[in-house]
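In: build me a model:
(chains A and B)
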Amino acid sequence: MKSMNDYIVGYSIILLVYRNIVAAIDKMFLIWQIAFPVVYIFVAGYAYSALIGDQGITIGSLTVTYVSFLTAGMIGFNVMNGSTIAGAIIWNDKRNGMFQQILVMPFNKIQYVIANLITLILIGLGSAAVIMVIGFPTIFYDINVTLWSIPYTIYALVAGSVFFGSFTIILSTRMKSSEGYNVISNGLFLFFAFVSSAFYPAEGLPQPLSAAFYLNPLTYIVDLTRAGIFAQVSTFTNIEVVILGLLSSTVFLIATRSMIKMEA
Amino acid sequence: MVKNRTGNQAHSSIRDRNGPCISVTNLKKLYGKAKEFTLDGISFDVKYGTVFGFLGPNGAGKTTTLKILTTLLSPTSGSVYIFGKDIIRKQSEIKRKIGVVSQNPSFEANLTVERALDLYGLLWGLHDSRVRKNKVNEILSTFDLESIRNSKNDELSIGQRRRVQLAREFMHGEDMDLLFLDEPTVGLDPSARRMLLDYIKKHVMSGLTVLFTTHVMEEAEYLCDEIAIIDNGRIIAFDTPTGLKQKYGGANKIIEITFKEVLSQSFVDLLKKIIIGSEYSDGDQKRRGIITNTTSRIDLNETNPNAITITVNNAEEVISEILQLVSKKGMRIESISINPPSLEDVFLSIVNDENNLRDNERK
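Out: Next up is the predicted model:
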């Protein structure tokens, strides 16, 4: 006889997400996921502030301190930082034989990909909330969240998780070894991190560098995160919403296709 | 819940036994860059409530077949029906009722044994935590895992991990109607192996159907109701264990003789002449050997140069001839035994014949 749970759409995905959280995620990773941005906020934030002096950073019509700017940026950045978990889950499952085992149970590859991305979104939102709480003293004077602006931040975190999670899933399906996966993802993420507006504003940069910033999805993620936190939404912000949505959907479809083609 | 004749809860397949549990027809799988047939048109049926053994040398196509039957691989052509349902179209329904213990280890490295079993029960749909807890305790006790219930999976030995992997599949509950076991006893000690085989037998009595691959012929003989032998992607023999022995072992007997001396090649050649009925020299006399059947053969023991195994259909006559020869040569026998062929003898004979046939075709 079928139970009520069998009728809940996506119940298999809920089970896989639960399994990811209790079994597949290394607890040390979660600590690192929080510690890394927090160290940036409190060390780099105040160190660069001393270098910049009292000069603030302009976001829309608002001028904020560099630490506030960086804290909001780190909330968006943590999505990319955490996305390696999606690829790591696949690698660990393949290494421990659980990938094949899950697929002979009543789950399919699409459910497995979606469950990994939802896990990543939950981790992204959860760690963003923790970073916000820890970094709150640094952003206290500049924060300007409104009911209509905060969806931009949440959208950025969700779409960003989908983009970078799908990206690491594609990498994990293409790479032949976990070492190769780590080298490539670390190298690419270094590029994504520093050629973006996570650490410094894109305005005022030399034209080629500024253009490179806007080829990087992380720039859209942190711009939208800041737009929500400081309530600075413009037409360009809405264009960024569309671009990030298109990029995330495309990469998600490629990741799903790669996963379906991957042999168990 | 249906009860079987022993009063145990029965697997649900016992309620609906129309047609075979598994029906495979002309299954083919092209694999690899060379696009060679890993499976070359195999067909077989597995009846409900039986253990079906799938035997074959390494690379014969056993695991590929299992991967197709468990939905991990798509066939190139042919049809597979499980519980009367098409494996391609009704994957999800079929997967709810099957259990799979694959050849490769699989484990949740970060979880304790108890937690891993509990999680597996949840994934299989045991939503009530009390029911799950009872089931976990039952499985821990049955599979002798209580002493390691709080150990993490990545701290266990290979054998312990294997036991957990096997035990985990029985968290499936009574919904499991078909169990695929791909060399499940690799890494298990003899008592754990016997315990597992007996546990499977008990579930088969309650209606569970099992498809079992192994390299250990004693296990196949102990457990299987029917056996298919696969080689080079084709089923080359199929019957009950007794039927296979009768069909391929025939009236043959296995004579094992251990001498006190190392055997010379000339002595072995002489024995060969005797059992194939050739003419041979016995001192000044010319004699003719005993005519045995075409499956007769002599095998030297690879680990003991003093021992020899002779397969013939007229063992008493051959032994008498050998004893005369041994006496004349002044050799001494340490031990001698005559046995019916085992399943392993039959398996080796079938696979060797198939290889010889293929070699001849190539020439």
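In: nearest residue to the most centrally placed residue in chain A in space, please, no chain neighbours.
Out: The C-alpha lying nearest the average C-alpha coordinate of chain A belongs to residue A:79 (CA atoms, centre = their mean; 1.9 Å). Closest residue in space to residue A:79, ignoring its immediate chain neighbours: residue A:160 at 3.9 Å, by CB to CB, 6 or more residues apart in numbering or on different chains. C-beta coordinates here come from the backbone N, C-alpha and C atoms, glycine included.
In: what helix or strand does the one you found sit in?
Out: Using DSSP states H and E, residue A:160 sits in helix A:150-174.
In: what lies in contact with the helix or strand in which residue B:191 is found?
Out: According to DSSP H and E, residue B:191 maps onto helix B:190-205. With contact meaning CB atoms under 8 Å, 6 or more residues apart in numbering or on different chains, helix B:190-205 is reached by B:4, B:6, B:8, B:11, B:49-51, B:142-144, B:159, B:163, B:166, B:170, B:179, B:181, B:184-185, B:188, B:208, B:210, B:212, B:219, B:222-223.
In: now that helix - C-alpha only, CSV.
Out: Output of helix B:190-205 as CSV, limited to C-alpha atoms (Å, rounded to 0.1, in the frame of the first residue of the first chain):
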residue,chain,number,x,y,z
PRO,B,190,33.3,-18.9,6.4
SER,B,191,30.9,-18.5,9.2
ALA,B,192,29.6,-15.1,7.9
ARG,B,193,29.3,-16.7,4.5
ARG,B,194,27.3,-19.6,5.7
MET,B,195,25.1,-17.3,7.9
LEU,B,196,24.4,-15.1,4.8
LEU,B,197,23.5,-18.1,2.6
ASP,B,198,21.2,-19.5,5.2
TYR,B,199,19.5,-16.1,5.7
ILE,B,200,18.9,-15.8,2.0
LYS,B,201,17.5,-19.3,1.9
LYS,B,202,15.1,-18.4,4.7
HIS,B,203,13.9,-15.4,2.7
VAL,B,204,13.6,-17.5,-0.5
MET,B,205,11.2,-19.8,1.5
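In: now do the buried residues in it.
Out: By 16 or more other CB atoms under 10 Å in any protein chain shown, the buried positions in helix B:190-205 come out as B:192-193, B:195-197, B:200, B:203-204.
In: near chain B, which residues of chain A?
Out: A:3, A:5-6, A:15, A:18-19, A:22-24, A:26, A:92, A:96-98, A:100-101, A:103-106, A:108, A:263-264 (CB under 8 Å from any CB of the partner chain).
In: residues in chain B within reach of chain A, list them.
Out: So chain B meets chain A at B:67, B:70-73, B:91-92, B:95-96, B:98, B:100, B:102, B:104-111, B:115-116, B:119, B:122-125, B:127 (CB under 8 Å from any CB).
In: related to what we said a few turns ago, buried residues of the helix holding residue A:160, list them for me.
Out: Those would be A:152-153, A:155-173, for helix A:150-174 by 16+ other CB under 10 Å.
In: what number of residues lie near whatever residue of the stretch 51-200 of chain A ends up closest to chain B?
Out: Nearest residue of the stretch 51-200 of chain A to chain B, counting by CB to the nearest CB: residue A:97, 3.0 Å away. Residue A:97 is flanked by 17 other residues according to other CB atoms under 10 Å in any protein chain shown.
In: right, and it touches residue B:109 too?
Out: No - in this structure residue A:97 lies outside contact range of residue B:109 using CB atoms under 8 Å: 10.2 Å.
In: per-residue pLDDT, the residue in chain B that chain A sits nearest to?
Out: Here chain B gets closest to chain A at one residue, residue B:106, 3.0 Å apart by CB to the nearest CB. Residue B:106 is assigned 91 on the pLDDT scale.
In: mind listing what it touches?
Out: Counted by CB under 8 Å, 6+ apart, residue B:106 has contacts A:96-98, A:100-101, B:165.
In: please give the element, helix or strand, for the nearest residue to residue B:77 once chain neighbours are set aside.
Out: Nearest residue to residue B:77, sequence neighbours excluded (CB to CB, 6+ apart): residue B:28, at 4.7 Å. Under the criterion of DSSP H and E, residue B:28 resides in strand B:22-31.
In: avg pLDDT for that strand?
Out: Per-residue scores along strand B:22-31 average to 92.
In: chain A: helices as residue ranges?
Out: Using DSSP state H, the helices of chain A run over residues A:4-7, A:11-19, A:27-39, A:45-52, A:66-95, A:98-103, A:109-139, A:150-174, A:178-194, A:207-213, A:217-229, A:235-261.
In: most tightly packed of those?
Out: helix A:217-229 (a mean of 27; mean count of other CB atoms under 10 Å in any protein chain shown).
In: what is that one packed up against?
Out: With contacts defined as 3 or more CB pairs under 8 Å, 6 or more residues apart in numbering or on different chains; DSSP states H and E, helix A:217-229 has these neighbours: helix A:66-95, helix A:150-174, helix A:178-194, helix A:235-261.
In: tell me how far the second one lies from the chain's centre.
Out: Put plainly, it is helix A:150-174. How far helix A:150-174 lies from its chain's middle: 5 Å, per CA atoms, centre = their mean, to the nearest Å.
In: one more: the first one?
Out: Taking CA atoms, centre = their mean, one finds helix A:66-95 lying 5 Å from the centre of the chain it belongs to.
In: could you dump the helix or strand residue B:117 falls within to CSV, C-alpha only?
Out: Per DSSP H and E, residue B:117 falls inside helix B:113-123. Extracted in CSV, the C-alpha atoms of helix B:113-123 (Å, rounded to 0.1, in the frame of the first residue of the first chain):
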residue,chain,number,x,y,z
VAL,B,113,26.9,1.3,11.1
GLU,B,114,23.6,1.8,13.1
ARG,B,115,23.0,5.3,11.6
ALA,B,116,23.8,4.0,8.1
LEU,B,117,21.2,1.2,8.5
ASP,B,118,18.7,3.7,9.8
LEU,B,119,19.2,6.1,6.9
TYR,B,120,18.9,3.2,4.4
GLY,B,121,15.6,2.2,6.0
LEU,B,122,14.4,5.7,5.6
LEU,B,123,15.4,5.9,2.0
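In: what is the mean pLDDT for that helix?
Out: Computed over helix B:113-123, the average pLDDT equals 94.
In: show me which residues of the helix or strand following that helix are buried.
Out: For helix B:113-123, the succeeding helix or strand toward the C-terminus, using DSSP H and E, is helix B:129-142. Buried residues in helix B:129-142, defined by neighbour count with 16+ other CB under 10 Å: B:132, B:135-136, B:139-140.
In: helices and strands around the longest helix along chain B, which ones?
Out: Using DSSP H to define each element, chain B has its longest helix at helix B:343-362. Under the contact criterion of 3+ CB pairs under 8 Å, 6+ apart, helix B:343-362 touches helix B:217-223, strand B:226-231, strand B:234-239, helix B:241-244.
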